[in-house]
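> need coordinates for the following:
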Amino acid sequence: MNLVFAFLAGLFLTNGVPHFVLGSAGQKHMTPFAKDSTALINVVWGFVNFALGLLFMNLTGVKLDGFILFDNLGLAFWVGSLFMALNNAFLFSKPNARFPWFKK
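Sure thing, here's the model as predicted:
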């Protein structure tokens, strides 16, 4: 179960970065709530992702420096991070990017 928590920690912490950074810069960015969410929504969404990522890190019982190691938990964390980064790059590089639940 710790491997799943480490994967989710990497996923949520990585996903929080673009939302928090772009929102802090005052830019709109797509969230699960809308295609062009406001900067405020993005900051909050990024913060929620950070909080969830840290929660999952805490559930593994490993301190932050433990994820830098390349043991099973560290690899699960980095695989989750890479998975989310590639997913975000693929989705957000499309000019008409949208989540399936957004109406055309």
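> okay, helices next: where are they in this protein?
Assigned by DSSP state H, the helices in the chain fall at 2-24, 39-60, 72-92.
> tell me, what residue is most central in this structure?
Computing the C-alpha centroid of the chain and ranking residues by CA atoms, centre = their mean puts residue 15 first, at 1.6 Å.
> closest to residue 102 out of the helices of the chain?
Checking these against residue 102 by CB to CB gives helix 72-92 as the closest, at 11.9 Å. C-beta here means a position set from N, CA and C on the backbone, and glycine is covered the same way.
> contacts for that closest one?
By CB atoms under 8 Å, 6 or more residues apart in numbering, the residues outside helix 72-92 that reach it are 2-4, 6-15, 18, 29-30, 57, 60, 62, 66-68, 97.
> what subset of those is buried?
6-15, 18, 29-30, 57, 60, 62, 67 (16 or more other CB atoms under 10 Å).
> what inclination does the lowest-mean-pLDDT helix or strand in the chain have with respect to helix 39-60?
Within the chain, confidence by mean pLDDT, DSSP states H and E is lowest for helix 72-92 among all helices and strands, at a mean of 85. Relative orientation of helix 72-92 versus helix 39-60 (axes from the mean of the first three to the mean of the last three CA atoms, to 10 degrees): 160 degrees.
> could you export helix 72-92 as PDB, CA atoms only?
The C-alpha trace of helix 72-92 is given here as PDB (Å, rounded to 0.1, in the frame of the first residue of the first chain):
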ATOM      1  CA  ASN A  72      10.800   1.000  -4.000                       C
ATOM      2  CA  LEU A  73       9.000   4.000  -2.400                       C
ATOM      3  CA  GLY A  74      11.300   6.500  -4.000                       C
ATOM      4  CA  LEU A  75      10.800   4.900  -7.400                       C
ATOM      5  CA  ALA A  76       7.000   4.800  -7.000                       C
ATOM      6  CA  PHE A  77       7.100   8.500  -6.100                       C
ATOM      7  CA  TRP A  78       9.200   9.500  -9.100                       C
ATOM      8  CA  VAL A  79       7.100   7.300 -11.400                       C
ATOM      9  CA  GLY A  80       4.000   9.100 -10.200                       C
ATOM     10  CA  SER A  81       5.600  12.400 -10.700                       C
ATOM     11  CA  LEU A  82       6.800  11.500 -14.200                       C
ATOM     12  CA  PHE A  83       3.300  10.100 -15.100                       C
ATOM     13  CA  MET A  84       1.600  13.300 -14.100                       C
ATOM     14  CA  ALA A  85       4.100  15.600 -15.800                       C
ATOM     15  CA  LEU A  86       3.800  13.700 -19.100                       C
ATOM     16  CA  ASN A  87       0.000  13.600 -18.800                       C
ATOM     17  CA  ASN A  88      -0.100  17.400 -18.100                       C
ATOM     18  CA  ALA A  89       2.400  18.100 -21.000                       C
ATOM     19  CA  PHE A  90       0.200  16.000 -23.400                       C
ATOM     20  CA  LEU A  91      -3.100  17.500 -22.300                       C
ATOM     21  CA  PHE A  92      -2.100  21.100 -21.900                       C
END
